[in-house]
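> 3D, please:
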Amino acid sequence: MKRNIILLFSIYCSIMAYAQKEYDSFLKEGKVWRMEYKQVVYEGESYQDKIIMLSGDTLIDDIPFRRMLEKRWMRGIQDEPTDWKATYGYIGEKDGKVYYWHNSYPTTPQIVMDFSLNVGDNIVGSTGVVYVVKAVSDTILSRSDDKRTRRCISVSIKDREDLDRYSDTWIEGIGSIKGGITGIEGTFVAGAYPKLLLCEDNDICIYNTEDDLRSAIHHGLNNKNGDTYFQLNGLPVIRSTHGIYVKDGKKVVR
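Next comes the predicted model:
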C-alpha cells in the first residue's frame, strides 16, 4: 500500500512539473534553423543548404506572426551568402498551435502543428492531408545543450502509418525533423528531400540531427501491436521492470 502511494505521488509530481514548465516558443528572438535539401533531379550527391531565422512582429487574425528570413546556397558550389533574404513565408504561434502563412496569395493561416494533441488525434495539413498522432512523449534530447524537456509528437498520414516516408516528428520550440519550422507541408524545394540539421537558440544548440530521438520515436511507430513502453525521458523500454513508464501518451505503473 505504501509503495503504491509513493508511485502515485511520483506520477502526480511528474504531471504537475510538465504542466508548470514554460513552453518553448518558436517565435523567440535568436533562434536559427539550418536545413538541407538533398536533390533528387541530379546525378550523384547534390545538396542545397538553407539557414532560417524569424524577424519582425505581425498580427494576423489575432495570431502573432514573424516573417521568415533565409540564406540559401548550393553546397560545394556556392559560398554561404552574407545577407539575409526576406521570404513570403510567416510563422505564427498561439496557445501551443503553430501556424504557417504565405503572403503571396490570399489564404488564411494554416495550422501545421498543435502541441496539445494526444495519441489517436487527427490534424489536417495545409493541403488537406489528414495526419494521425502515433506517439507523444516529453523528451530531453541527448545532444541538446540546454537539456530541456520538450513535447514531441509523431504523426503519420492516416492509413499510411506503415511507411516511414509518410511520418514525421515535431519537437516543441524546434519544429519537425523533416521539414523544420514549417513541417513537411510548409515551404519546400521541388525535387528534393528536406531535413532539419540543426536548431540553435542564441548560439546554444537545442537540436542536432545526430540525436537519438528519431530511433526512439520511430521504434514506437513501427510497433504494430501498440505495446511499446517509453521511459519518462522519451526513450523506448527494451526490457521493463517495475516503475513508471509512458504508453500511448499516458504515464503508467508496472
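> low pLDDT regions in the protein?
Residues of the chain meeting the criterion pLDDT under 70: 1-21, 41-44, 106, 126-127, 160-165, 184-191, 210-254.
> mind redoing it with 80?
1-21, 39-45, 104-107, 125-129, 142-143, 159-166, 183-192, 210-254 (pLDDT under 80).
> quick one, longest strand in it?
When the chain is parsed with DSSP state E, its longest strand is strand 47-60.
> which residues are contacting that one?
The contact list for strand 47-60 (Cβ atoms under 8 Å, 6 or more residues apart in numbering) reads 26-27, 31-39, 64-76, 80, 84, 90-92, 101, 109, 180-181, 189, 192. Where you see a C-beta, it was placed from the backbone N, CA and C, and this is true even at glycine.
> One more pass at 6 Å, please.
Applying Cβ atoms under 6 Å, 6 or more residues apart in numbering, the contact partners of strand 47-60 are 32-38, 65-75, 91, 109, 189.
> Which members of these are positioned in strands?
Using DSSP E, the members of the contacts of strand 47-60 that fall in strands are 32-38, 65-74, 91.
> which among those end up buried?
32-38, 65-72, 91 (16 or more other Cβ atoms under 10 Å).
> Relative to residue 38, how far out is residue 140?
Separation of residue 140 from residue 38 (Cβ to Cβ, to the nearest Å) stands at 29 Å.
> Residue 26 - how many residues pack around it?
For residue 26, the neighbour count with other Cβ atoms under 10 Å is 21.
> Report the secondary structure state of residue 93.
strand (DSSP: H, G, I helix; E, B strand; the rest coil).
> which residues touch it?
Contacts here follow Cβ under 6 Å, 6+ apart; on that basis residue 93 touches 26-27.
> Please apply the same query to the one 5 residues further on.
If a contact means Cβ under 6 Å, 6+ apart, then residue 98 has 112-113 as its contacts.
> run the last query once more with 10 Å
Contact analysis of residue 98 by Cβ atoms under 10 Å, 6 or more residues apart in numbering lists 25-27, 91-92, 110-115, 170, 172-173, 175-176, 181-183, 186.
> Could you check the angle the helix or strand harbouring it makes with strand 47-60?
Secondary structure assignment for residue 98, by DSSP states H and E: strand 97-102. Counting by axes from the mean of the first three to the mean of the last three Cα atoms, to 10 degrees, strand 97-102 points 100 degrees away from the direction of strand 47-60.
> For stretch 114-133, list every residue counted as buried.
By 16+ other Cβ under 10 Å, the buried positions in stretch 114-133 come out as 114-115, 117, 119, 123, 125-126, 131-133.
> CA atoms of that stretch as CSV?
The C-alpha trace of stretch 114-133 is given here as CSV (Å, rounded to 0.1, in the frame of the first residue of the first chain):
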residue,chain,number,x,y,z
ASP,A,114,-0.9,21.6,-32.3
PHE,A,115,1.1,20.6,-29.2
SER,A,116,-2.0,19.8,-27.2
LEU,A,117,-2.7,16.7,-29.4
ASN,A,118,-2.8,13.2,-27.9
VAL,A,119,-2.3,9.8,-29.4
GLY,A,120,-5.0,9.0,-31.9
ASP,A,121,-6.0,12.6,-32.6
ASN,A,122,-6.1,13.9,-36.2
ILE,A,123,-4.7,17.0,-37.7
VAL,A,124,-5.4,18.3,-41.2
GLY,A,125,-2.4,19.6,-43.1
SER,A,126,-2.5,22.8,-45.2
THR,A,127,-3.0,20.7,-48.4
GLY,A,128,-6.0,18.8,-46.8
VAL,A,129,-4.0,15.7,-46.0
VAL,A,130,-5.1,14.1,-42.7
TYR,A,131,-2.4,13.1,-40.2
VAL,A,132,-2.9,10.9,-37.1
VAL,A,133,-0.8,11.2,-33.9
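> ranges for the strands of the stretch 101-250 of the chain?
110-114, 122-124, 130-140, 149-157, 167-171, 175-176, 192-201, 204-208, 244-247, 250-253 (DSSP state E, counting those that start in this stretch).
> For stretch 55-67, output the C-alpha coordinates as CSV.
Taking C-alpha atoms only, stretch 55-67 is exported to CSV below (Å, rounded to 0.1, in the frame of the first residue of the first chain):
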residue,chain,number,x,y,z
SER,A,55,12.1,38.6,-37.7
GLY,A,56,9.5,41.4,-37.1
ASP,A,57,6.1,41.3,-35.5
THR,A,58,2.9,40.8,-37.5
LEU,A,59,-0.6,40.2,-36.2
ILE,A,60,-2.9,38.1,-38.4
ASP,A,61,-6.3,37.0,-37.2
ASP,A,62,-5.2,37.9,-33.6
ILE,A,63,-2.2,35.4,-34.0
PRO,A,64,1.3,36.7,-33.6
PHE,A,65,3.5,36.0,-36.6
ARG,A,66,7.1,36.6,-37.7
ARG,A,67,8.5,36.7,-41.2
